[in-house]
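**Q** Show me how the following folds:
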Amino acid sequence: MAAADSPSAALRRDLCSRGIRLAGKMRADVVDLLDAYVEQQGLDASASVAAVEGLPLAAVERWDEQTGTQRLLENLAAYRAFRALLAQMLEEQREQLGEADAGLGRALAAVLLQVSAFAYHLEELLRLESRGIPGEEEEEEDGPPPPPRLSLFEQKLRGLGVLRELAQWAVRSVRDLRQLAKPSPATGVAPGLAESP
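**A** I've put the predicted structure just below:
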(Lines give C-alpha, C1' and ligand atoms only; values in the text may rest on other atoms or scores of the structure.)
Protein backbone atom coordinates (compact mmCIF):
# COMPACT_ATOMS: atom_id res chain seq x y z
CA MET A 1 0.00 0.00 0.00
CA ALA A 2 2.98 2.28 0.54
CA ALA A 3 3.55 2.36 -3.23
CA ALA A 4 0.15 3.98 -3.71
CA ASP A 5 1.17 6.76 -1.35
CA SER A 6 4.59 7.32 -2.91
CA PRO A 7 5.33 10.64 -4.60
CA SER A 8 5.59 8.96 -8.02
CA ALA A 9 2.19 7.26 -7.57
CA ALA A 10 0.63 10.57 -6.52
CA LEU A 11 2.26 12.32 -9.48
CA ARG A 12 1.02 9.59 -11.84
CA ARG A 13 -2.54 9.96 -10.53
CA ASP A 14 -2.27 13.74 -10.88
CA LEU A 15 -0.95 13.49 -14.44
CA CYS A 16 -3.71 11.02 -15.34
CA SER A 17 -6.37 13.31 -13.84
CA ARG A 18 -5.04 16.31 -15.74
CA GLY A 19 -4.81 14.23 -18.91
CA ILE A 20 -8.44 13.14 -18.51
CA ARG A 21 -9.51 16.78 -18.22
CA LEU A 22 -7.38 17.76 -21.23
CA ALA A 23 -8.81 14.93 -23.35
CA GLY A 24 -12.38 15.78 -22.30
CA LYS A 25 -11.91 19.45 -23.22
CA MET A 26 -10.24 18.46 -26.48
CA ARG A 27 -13.13 16.16 -27.39
CA ALA A 28 -15.68 18.91 -26.72
CA ASP A 29 -13.68 21.32 -28.88
CA VAL A 30 -13.26 18.74 -31.65
CA VAL A 31 -17.02 18.06 -31.70
CA ASP A 32 -17.68 21.82 -31.99
CA LEU A 33 -15.03 22.09 -34.71
CA LEU A 34 -16.52 19.11 -36.52
CA ASP A 35 -19.93 20.80 -36.62
CA ALA A 36 -18.41 24.05 -37.93
CA TYR A 37 -16.22 22.15 -40.41
CA VAL A 38 -19.17 20.21 -41.86
CA GLU A 39 -21.17 23.42 -42.26
CA GLN A 40 -18.29 25.47 -43.70
CA GLN A 41 -17.22 22.77 -46.14
CA GLY A 42 -20.78 22.04 -47.27
CA LEU A 43 -20.59 18.39 -46.25
CA ASP A 44 -23.21 16.00 -44.94
CA ALA A 45 -22.34 15.09 -41.33
CA SER A 46 -23.21 11.47 -42.02
CA ALA A 47 -21.04 11.24 -45.15
CA SER A 48 -19.06 8.04 -45.48
CA VAL A 49 -15.32 8.59 -45.48
CA ALA A 50 -12.84 6.15 -46.98
CA ALA A 51 -9.79 5.15 -44.98
CA VAL A 52 -7.38 8.04 -44.56
CA GLU A 53 -3.71 7.27 -45.06
CA GLY A 54 -1.76 7.72 -41.84
CA LEU A 55 -4.89 8.03 -39.70
CA PRO A 56 -4.65 5.98 -36.51
CA LEU A 57 -7.87 4.18 -35.56
CA ALA A 58 -9.08 4.38 -31.96
CA ALA A 59 -10.80 0.99 -32.10
CA VAL A 60 -8.60 -1.76 -30.73
CA GLU A 61 -9.11 -5.46 -30.17
CA ARG A 62 -8.52 -6.77 -26.66
CA TRP A 63 -8.27 -3.28 -25.17
CA ASP A 64 -8.58 -4.70 -21.67
CA GLU A 65 -5.47 -6.85 -22.19
CA GLN A 66 -3.15 -3.96 -22.98
CA THR A 67 -0.53 -2.88 -20.47
CA GLY A 68 -0.33 0.71 -19.29
CA THR A 69 2.80 1.22 -21.35
CA GLN A 70 1.11 -0.10 -24.50
CA ARG A 71 -1.79 2.29 -23.92
CA LEU A 72 0.53 5.27 -23.51
CA LEU A 73 2.64 4.36 -26.54
CA GLU A 74 -0.40 3.90 -28.80
CA ASN A 75 -1.89 7.18 -27.61
CA LEU A 76 1.39 9.00 -28.17
CA ALA A 77 1.79 7.58 -31.68
CA ALA A 78 -1.81 8.54 -32.50
CA TYR A 79 -1.52 12.12 -31.28
CA ARG A 80 1.76 12.59 -33.11
CA ALA A 81 0.00 11.47 -36.30
CA PHE A 82 -2.94 13.79 -35.56
CA ARG A 83 -0.53 16.67 -35.04
CA ALA A 84 0.84 16.16 -38.56
CA LEU A 85 -2.61 15.62 -40.12
CA LEU A 86 -4.12 18.69 -38.43
CA ALA A 87 -1.15 20.85 -39.45
CA GLN A 88 -1.71 19.70 -43.04
CA MET A 89 -5.45 20.46 -42.75
CA LEU A 90 -4.70 23.92 -41.38
CA GLU A 91 -2.33 24.64 -44.26
CA GLU A 92 -4.90 23.46 -46.82
CA GLN A 93 -7.61 25.49 -45.10
CA ARG A 94 -5.51 28.63 -45.37
CA GLU A 95 -4.80 27.94 -49.05
CA GLN A 96 -8.49 27.33 -49.83
CA LEU A 97 -10.09 30.14 -47.90
CA GLY A 98 -7.31 32.53 -47.06
CA GLU A 99 -8.73 34.89 -44.49
CA ALA A 100 -12.32 34.37 -45.69
CA ASP A 101 -13.12 32.18 -42.70
CA ALA A 102 -10.59 32.97 -40.03
CA GLY A 103 -12.87 31.50 -37.34
CA LEU A 104 -12.59 27.97 -38.67
CA GLY A 105 -8.83 28.37 -39.05
CA ARG A 106 -8.52 29.62 -35.46
CA ALA A 107 -10.60 26.69 -34.17
CA LEU A 108 -8.47 24.25 -36.14
CA ALA A 109 -5.27 25.88 -34.83
CA ALA A 110 -6.63 25.69 -31.25
CA VAL A 111 -7.34 21.96 -31.59
CA LEU A 112 -3.88 21.45 -33.11
CA LEU A 113 -2.39 23.18 -30.07
CA GLN A 114 -4.43 20.95 -27.74
CA VAL A 115 -3.25 17.84 -29.60
CA SER A 116 0.37 18.98 -29.25
CA ALA A 117 -0.11 19.69 -25.54
CA PHE A 118 -1.74 16.30 -25.02
CA ALA A 119 1.13 14.53 -26.83
CA TYR A 120 3.56 16.34 -24.54
CA HIS A 121 1.45 15.27 -21.54
CA LEU A 122 1.68 11.64 -22.67
CA GLU A 123 5.45 12.01 -23.03
CA GLU A 124 5.58 13.23 -19.42
CA LEU A 125 3.69 10.13 -18.28
CA LEU A 126 6.12 7.91 -20.19
CA ARG A 127 9.09 9.76 -18.68
CA LEU A 128 7.62 9.23 -15.22
CA GLU A 129 7.61 5.53 -15.94
CA SER A 130 11.22 5.75 -17.22
CA ARG A 131 10.22 4.20 -20.52
CA GLY A 132 11.77 6.86 -22.70
CA ILE A 133 10.01 8.47 -25.61
CA PRO A 134 10.10 6.38 -28.80
CA GLY A 135 11.01 8.13 -32.00
CA GLU A 136 11.63 11.45 -30.26
CA GLU A 137 14.75 12.29 -32.28
CA GLU A 138 13.75 11.16 -35.76
CA GLU A 139 10.14 12.40 -35.42
CA GLU A 140 11.35 15.96 -34.93
CA GLU A 141 13.77 15.81 -37.87
CA ASP A 142 11.99 13.91 -40.60
CA GLY A 143 8.27 14.31 -40.02
CA PRO A 144 5.74 12.45 -42.13
CA PRO A 145 6.24 12.01 -45.86
CA PRO A 146 4.49 14.57 -48.03
CA PRO A 147 0.88 13.56 -48.66
CA PRO A 148 -0.40 12.78 -52.15
CA ARG A 149 -2.15 15.69 -53.82
CA LEU A 150 -5.90 15.36 -53.34
CA SER A 151 -8.78 17.12 -55.01
CA LEU A 152 -10.56 19.79 -52.98
CA PHE A 153 -13.47 17.44 -52.26
CA GLU A 154 -11.09 14.64 -51.19
CA GLN A 155 -9.34 17.09 -48.85
CA LYS A 156 -12.68 18.00 -47.29
CA LEU A 157 -13.60 14.34 -46.78
CA ARG A 158 -10.16 13.55 -45.37
CA GLY A 159 -10.57 16.45 -42.93
CA LEU A 160 -13.96 15.10 -41.89
CA GLY A 161 -12.43 11.67 -41.28
CA VAL A 162 -9.53 13.11 -39.29
CA LEU A 163 -11.82 15.12 -37.01
CA ARG A 164 -14.19 12.20 -36.48
CA GLU A 165 -11.36 9.86 -35.53
CA LEU A 166 -9.73 12.48 -33.30
CA ALA A 167 -13.00 12.73 -31.35
CA GLN A 168 -12.93 8.94 -30.95
CA TRP A 169 -9.32 9.02 -29.80
CA ALA A 170 -10.17 11.61 -27.15
CA VAL A 171 -12.78 9.19 -25.77
CA ARG A 172 -10.29 6.30 -25.86
CA SER A 173 -7.62 8.42 -24.19
CA VAL A 174 -9.95 9.20 -21.29
CA ARG A 175 -10.63 5.46 -20.90
CA ASP A 176 -6.92 4.65 -21.10
CA LEU A 177 -5.95 7.28 -18.54
CA ARG A 178 -8.72 6.20 -16.17
CA GLN A 179 -7.41 2.66 -16.44
CA LEU A 180 -3.85 3.85 -15.75
CA ALA A 181 -4.95 5.88 -12.73
CA LYS A 182 -6.56 2.87 -11.04
CA PRO A 183 -4.33 1.25 -8.45
CA SER A 184 -3.97 -2.50 -8.80
CA PRO A 185 -5.59 -4.29 -5.84
CA ALA A 186 -2.52 -6.37 -4.98
CA THR A 187 0.26 -3.81 -5.26
CA GLY A 188 -1.33 -0.40 -5.12
CA VAL A 189 0.55 0.46 -8.30
CA ALA A 190 -1.27 1.46 -11.46
CA PRO A 191 -1.87 -1.61 -13.65
CA GLY A 192 0.55 -2.25 -16.44
CA LEU A 193 2.94 0.53 -15.47
CA ALA A 194 5.03 -1.66 -13.18
CA GLU A 195 5.23 -4.37 -15.85
CA SER A 196 8.22 -4.54 -18.13
CA PRO A 197 7.51 -3.87 -21.81
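**Q** in this protein, which helix or strand is least confident?
**A** Least confident helix or strand of the chain, by mean pLDDT, DSSP states H and E, is helix 136-141 with a mean of 46.
**Q** ok, now which ones touch residue 171?
**A** Residue 171 makes contact with 23, 27, 58, according to CB atoms under 8 Å, 6 or more residues apart in numbering. C-beta here means a position set from N, CA and C on the backbone, and glycine is covered the same way.
**Q** Looking at neighbours, which among the residues you listed is most surrounded?
**A** Using other CB atoms under 10 Å as the neighbour test, the contacts of residue 171 are led by residue 23, with 25 neighbours.
**Q** Just read off the phi/psi values of that residue.
**A** With angles defined as degrees, to the nearest 10, residue 23 sits at phi -70, psi -40.
**Q** helix, strand or coil for the nearest residue to it once chain neighbours are set aside?
**A** In space, and not counting its chain neighbours, residue 23 is closest to residue 173: 4.3 Å by CB to CB, 6 or more residues apart in numbering. Secondary structure state of residue 173, per DSSP: H, G, I helix; E, B strand; the rest coil, is helix.
**Q** Now name the helix or strand holding the residue positioned nearest the centre of the chain.
**A** With distances taken as CA atoms, centre = their mean, residue 79 lies nearest the centre of the chain, 3.5 Å away. Per DSSP states H and E: residue 79 is located in helix 68-97.
**Q** residue ranges for the helices of this structure, please.
**A** 7-41, 68-97, 102-128, 136-141, 152-181 (DSSP state H).
**Q** Comparing those by mean pLDDT, which bottoms out?
**A** When these are compared by mean pLDDT, helix 136-141 comes last with a mean of 46.
**Q** show me the contacts for the residue lying closest to residue 55 once chain neighbours are set aside.
**A** Nearest non-adjacent residue to residue 55, counting by CB to CB, 6+ apart: residue 165, 5.6 Å away. Listed by CB under 8 Å, 6+ apart, the contact set of residue 165 reads 52, 55, 56, 57, 58.
**Q** buried subset of these?
**A** Listed as buried from those are 52, 55, 56, 58; burial here means 16 or more other CB atoms under 10 Å.
**Q** Distance to residue 155 and pLDDT added to those, as a markdown table?
**A** Shown next, in a markdown table, are the buried ones among the contacts of residue 165 (distance: CB to CB, whole Å; pLDDT from 0 to 100):
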| residue | distance to residue 155 | pLDDT |
| --- | --- | --- |
| 52 | 11 | 80 |
| 55 | 14 | 87 |
| 56 | 19 | 87 |
| 58 | 22 | 86 |
